[in-house]
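**Q** Give me a model of this one.
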Amino acid sequence: MSKLDELIAEYCPDGVEFKALWKVTVWDKKFKAVERSKQKKVYTYPYMLASDLFKLEREEGDVFLLSTGEKTGWTTEELAGDYLCEGEVVAIPWGGTPNVKYYKGKFVTADNRIATSIDTEILCNKFLYYWMQNNIYIIASYYRGSGIKHPSMKDVLDMQVPIPPLPVQQEIVRNLDTFTELTAELTAELTAELTARKKQYEYYRDKLLTPIEDNGKWFLNGKEVEWKTLGDIGKVSMCKRIFKKQTQPVGDIPFYKIGTFGKKSDTFISKDLFEEYKRKYPYPKKGDVLLSASGTIGRAVIFDGSPSYFQDSNIIWIDNDEKIVLNKYLYYFYTVAKWAVVKGGTIKRLYNDNIRSIPIPIPPLEEQERIVSILDKFDALTNSITEGLPREIELRQKQYEYYRDLLLSFPKEEA
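**A** Presented below is the predicted three-dimensional model:
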């Protein structure tokens, strides 16, 4: 039997009492739809606009920035000024995406709705936090509105919270703190592993694709290379421009803009328009390397040949001869190329003349094949880790939520 089981058997073998949230908590303001008798007192906190909160951020700070979103940070008491608060609080955002935060100490808050226990000998604030976190889906159902959603505090305050004896609450908090810490440590380890693998991949990729000069000649991995420009190895091509009014939210042919380049498209064109443009204008072959020339400069994908259309001069490709330069070698070269970028306005742009003038080292075909084979293996390994990390983190999160739900589920005490 665990310590928690022993405490439950000792203090609440027949279940626990449930109370309305308003009976055991004090909030930061009086809510219009809530009866006055349910809010006999409030603890007010000065709050900042979310857009101003992180203007105070300083790495050396020891005052917590209690935001309404996922981002958090620190500031100093001096910068906090009249907005400096202190206490042990549980907060939910007044508007936006529902979440629950806990903090004990000095803080500055954005527009949160902040609660604290009326009596911590009856309800532990950290226990309240974990209980609210475990019931976030119910709290989220109380957020309403056509634009930015706000919580119905009447419904929130009427929620029934279990009140086990304090030793039981404290043991639950200890267990969940430990599990939270272990989950965070594992996530950090997995993230560090991913970072290390990516650095390892980038090191070998750069080493394999960086030529060395020796007595006026250039060599790549011991093989002599011939320097050409991208303009020498093929014509820079692009599809005919498609206008926004020609696209549609549903249809037969996916249309790729810069924002969806290399991702699943959410815009389409008609099959008739696709066939017309494909017949009249340049269109990539299967295996061609498509390159982003605006916004996400240098981002590349290998065209799989599926019926698709691409946004005019923002996505380009080179009609290269694979008897000279392999498409996959060209793809990997793009990942290390030093692009001559023309800056104009807020969006950077890679013009055709810049692309044509980029020099590329071309080793013999067998060396290109060897380089591609090595990088394909590294790429596959890195991708497997990249894809596996979110799944592993999700698994740990579900494991944590299951454990939390188990610890916070109590039978109701018989009246």
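**Q** care to break the chain down by domain?
**A** For the chain, the domain assignment from automatic domain parsing gives the residue ranges 15-163, 226-362.
**Q** Looking at those, spot the one closest to Arg370.
**A** Minimum separation from Arg370 across the domains of the chain (CB to CB) falls at domain 226-362, 10.0 Å. For every residue, glycine as well, the C-beta is placed using N, CA and C.
**Q** thinking again about what came up before, need the domains of the chain in a markdown table (columns: mean pLDDT, mean neighbour count and distance to Tyr204).
**A** Shown next, in a markdown table, are the domains of the chain (pLDDT from 0 to 100; neighbours: other CB atoms under 10 Å; distance: least, CB to CB, whole Å):
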| stretch | mean pLDDT | mean neighbour count | distance to Tyr204 |
| --- | --- | --- | --- |
| domain 15-163 | 95 | 17 | 33 |
| domain 226-362 | 88 | 16 | 11 |
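**Q** can I get the ones you listed in TSV with distance to Glu193?
**A** Formatted as TSV, the domains of the chain follow (distance: least, CB to CB, whole Å):
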stretch	distance to Glu193
domain 15-163	23
domain 226-362	22
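**Q** closest to Leu408 out of those?
**A** Nearest of those to Leu408, taken as CB to CB: domain 15-163 at 5.0 Å.
**Q** starting at the chain centroid, how far to that closest one?
**A** Averaging C-alpha positions (CA atoms, centre = their mean, to the nearest Å) puts domain 15-163 24 Å from its chain's average.
**Q** Straight-line length of that domain, end to end?
**A** This stretch, domain 15-163, spans 10 Å end to end (CA to CA, to the nearest Å).
**Q** separation between Phe54 and Ile114?
**A** Look at Phe54 and Ile114: by CB to CB, to the nearest Å, they are 19 Å apart.
**Q** Show me what the strand or helix carrying Tyr130 is packed up against.
**A** Element membership of Tyr130, judged by DSSP states H and E, is helix 125-134. On a contact count with 3 or more CB pairs under 8 Å, 6 or more residues apart in numbering; DSSP states H and E, helix 125-134 meets strand 85-93, strand 101-109, strand 112-117, strand 160-163, helix 166-209, helix 365-407.
**Q** most packed of those?
**A** Of the helices and strands packed on helix 125-134, the one with the most neighbours on average (mean count of other CB atoms under 10 Å) is strand 112-117, at a mean of 22.
**Q** and the helices and strands packed on helix 125-134 as CSV, adding distance to Tyr47?
**A** CSV is the format used below for the helices and strands packed on helix 125-134 (distance: least, CB to CB, whole Å):
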stretch, distance to Tyr47
strand 85-93, 9
strand 101-109, 5
strand 112-117, 7
strand 160-163, 25
helix 166-209, 27
helix 365-407, 29
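**Q** Mind telling me which of those the model trusts least?
**A** The weakest mean pLDDT among those belongs to helix 365-407, with a mean of 85.
**Q** okay, the angle between that helix and helix 166-209?
**A** For helix 365-407 against helix 166-209, the angle by axes from the mean of the first three to the mean of the last three CA atoms, to 10 degrees is 180 degrees.
**Q** how far does helix 365-407 sit from the chain's center?
**A** Helix 365-407 sits 16 Å away from the centroid of its parent chain (CA atoms, centre = their mean).
**Q** got the angle between it and helix 125-134?
**A** Angle of helix 365-407 versus helix 125-134, following the same axes, to 10 degrees, is 120 degrees.
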